[in-house]
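Enquirer: pasting the structure only:
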């Protein structure tokens, strides 16, 4: 069974959240893997979407839409600012990438599918992955019986002393 067939089979059985948290992506994703991933998430693989996804999945990274635009156009592709913003909104809504909101003016798109939190350095503007072993226990709130937690997003904002 190929890596793509395993991706499709497991994600159908477990659902995206359970699958992506256990998935081990081998970066960079090849074009065929990008196409398969987009098709799995029922995203039409237009030329621009494929080029954007190929750029995103070169390695685990946190990129703003502007950095994505610069990277994709810098490699010779023709894509508009609106296309990048619309595509990233689509990718985030479908679960292809994780959208990390720092504030109203800072949004990062995270290509790392592993369960993790983030450290945002206010001084440098850098967003870094941190994993459960690096974070003290965070308790979950008491919820009404008809609610369940489906996701958490922890961002620690830091600055120099």
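Expert: Sure, I can see it. Here the structure is a predicted model, which means the values were calculated and not measured. Residues are numbered from 1 along each chain as shown.

Enquirer: so where does residue 37 fall, helix or strand?
Expert: Residue 37 is part of helix 31-40, with elements assigned from DSSP states H and E.

Enquirer: How far off centre is that helix?
Expert: Chain-centre distance of helix 31-40: 15 Å, with Cα atoms, centre = their mean, to the nearest Å.

Enquirer: Same question for stretch 51-61.
Expert: 10 Å.

Enquirer: before we move on, back to that, can you give me the buried ones in the helix holding residue 37?
Expert: Neighbour-count burial for helix 31-40, counted by 16 or more other Cβ atoms under 10 Å, picks out 33, 34, 35, 36, 37, 38, 40. From N, CA and C alone the C-beta is placed, and that goes for glycine too.

Enquirer: Please apply the same query to stretch 107-126.
Expert: Buried residues in stretch 107-126 (16+ other Cβ under 10 Å): 107, 108, 109, 110, 111, 112, 113, 116, 117, 118, 119, 120.

Enquirer: Next one: the closest residue to the first one other than its chain neighbours from residue 33, what distance?
Expert: When you say that, I think you mean residue 107. Leaving out its chain neighbours, the residue that sits closest to residue 107 by Cβ to Cβ, 6 or more residues apart in numbering is residue 101, at 5.6 Å. Residue 101 is 28 Å from residue 33, where distance means Cβ to Cβ, to the nearest Å.

Enquirer: which residue is nearest the middle of this protein?
Expert: residue 97 (2.5 Å; Cα atoms, centre = their mean).

Enquirer: average pLDDT across the helix or strand following the helix holding residue 37?
Expert: Beyond helix 31-40 in the direction of the C-terminus, DSSP H and E gives the next helix or strand as helix 47-56. In this model, helix 47-56 has an average pLDDT of 98.

Enquirer: where does residue 109 land in three-state SS?
Expert: strand (DSSP: H, G, I helix; E, B strand; the rest coil).

Enquirer: Now do the same contact list for the spatially closest residue to it that is not a sequence neighbour.
Expert: With Cβ to Cβ, 6+ apart as the criterion, residue 109 has its nearest non-adjacent residue at 4.7 Å, and that residue is residue 97. The contact partners of residue 97, by Cβ atoms under 8 Å, 6 or more residues apart in numbering, come to 56, 88, 91, 109, 110, 111.
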